[in-house]
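[1] pasted the sequence and its predicted model underneath.
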Amino acid sequence: GEWVHLTGVHDTVAKTLTLYVNGQKAGSAPITNPFHADRSMTIGAGIYSGTTDCHFPGLIDDVRLFQRPVSAEEVQQMFRQRPLVNARWMLETTGGTGPVTTPDDAGTANSLALHGGAVKVDEGFIGFGAMKLDGVGAYASPASMPVDTSGSFTLTAWAQAAAVPENDIALVSAEGARQSGFVVRFRPDPSDSAGPGRWTLSVADKDATDADIVSMDNGEFHGATEWNHLALVYDSFSKQARLYVNGILTEVACGDADGDGVPDEQGCVDLVPWAENVLSFRTTSLMIGRSGTGSRAGEYFPGLVDDVWVFQGALSDAQVEKLAGSWFDVPTVVPGH
């Protein structure tokens, strides 16, 4: 009579069948001579000698198939993957000195510390308060990393640049010892300083200088000097990363009036705000308003940042859209709950 999470794993190398219940191993058995099932699959019933039988009386949700055996750790992540609010910094109040901090409105003690001249101002998009950054050395960082970035996670924030920047600026990044795990940047148009530019997301697969880095771009948004809602979603099971701007996930294709496959504008590249086969490693710190730490620190963001959320788990398209479209009295809960 209660919801239960079930995972069945067939490991053809170990020749075992294993059942997990609510993330915990319930039992395992050898299977030495499996056959190839080349016909239909049923959900909620079984087929025996061509007859459908043993119908399940109840509710079934979120069925997933993997073309590989998943590990015990991945089973745990799937069981716990329902998005949870791990942090929310509304930037409405501050306290303390050396450094000044703003509380985590999700109810944890993981306050956000303001560094390098970052200040709280009454110019927020959500509520009254926001954080103002000077683009030179101001940034903010919580006391501890609020999520495991090797698993599924979501980060969202409102941002408004003080002016269209001449160089790349980082809104938020997650850092390891030698590499940024991810960076959300605004990148100006290299061929037109007055052009709209684009928001970009890069994700690295390991904490090393030779990491493979996957990038994606979103060009569907208001001008950088207007308030924009940014959302980074990483799904560790599908190995997919997505970058939403104002709740929108749309590919922007180059013009091709004659249909010859060559962009009308020389050097134009399609902007695709998602990527497949993305791996992310576990980072140790979160930076708001810059990328990197120590000698790698840079790309300081000039402007306002407001209402930063961090979720463990991947939000859906609908949940991101709801959060981007909710401007007043937004409760600190997962969107849609």
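    All right, it came through fine. This structure is a prediction, so every number in the text was calculated from the model and none was measured.
[2] return the residues in contact with the closest residue in space to Phe79 that isn't next to it in sequence.
    Distances taken as C-beta to C-beta, 6 or more residues apart in numbering put Gly23 closest to Phe79, at 3.3 Å, once the chain neighbours are dropped. Glycine gets a C-beta too; all of them are placed from N, C-alpha and C. Applying C-beta atoms under 8 Å, 6 or more residues apart in numbering, we find Gly23 in contact with His5, Thr7, Val75, Gln76, Met78, Phe79, Arg80.
[3] if we use 10 Å, what do you get?
    Taking C-beta atoms under 10 Å, 6 or more residues apart in numbering, we find Gly23 in contact with His5, Thr7, Ala72, Glu73, Val75, Gln76, Gln77, Met78, Phe79, Arg80.
[4] where in this structure is the helix or strand with the lowest mean pLDDT?
    Lowest by mean pLDDT, DSSP states H and E among the helices and strands of the chain is helix 72-80, with a mean of 80.
[5] list the buried ones in that one?
    Neighbour counts over helix 72-80 (16 or more other C-beta atoms under 10 Å) mark Glu74, Val75, Gln76, Gln77, Met78, Phe79 as buried.
[6] ok, so of the residues you listed, who is nearest Ser280?
    Gln77 (12.6 Å; C-beta to C-beta).
[7] my guess is the closest one contacts Gln312. True?
    Yes: between Gln77 and Gln312 there is a contact under C-beta atoms under 10 Å: 9.4 Å.
[8] on that earlier part again, out of the buried residues of helix 72-80, which comes closest to Pro57?
    Phe79 (23.3 Å).
[9] any low-confidence regions in the stretch 51-200 of the chain?
    80-81, 193 (pLDDT under 70).
[10] if we use 90, what do you get?
    61-62, 64, 67, 72-84, 97-98, 108-109, 151-152, 189-196 (pLDDT under 90).
[11] circling back: the least confident helix or strand of the chain packs against which elements?
    When contacts are defined as 3 or more C-beta pairs under 10 Å, 6 or more residues apart in numbering; DSSP states H and E, helix 72-80 packs onto strand 6-11, strand 16-21, strand 24-30.
[12] make CSV from the ones you listed and add mean pLDDT and distance to Ile126 to it.
    Converted to CSV, these look like this (pLDDT from 0 to 100; distance: least, C-beta to C-beta, whole Å):
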stretch, mean pLDDT, distance to Ile126
strand 6-11, 96, 38
strand 16-21, 96, 40
strand 24-30, 94, 39
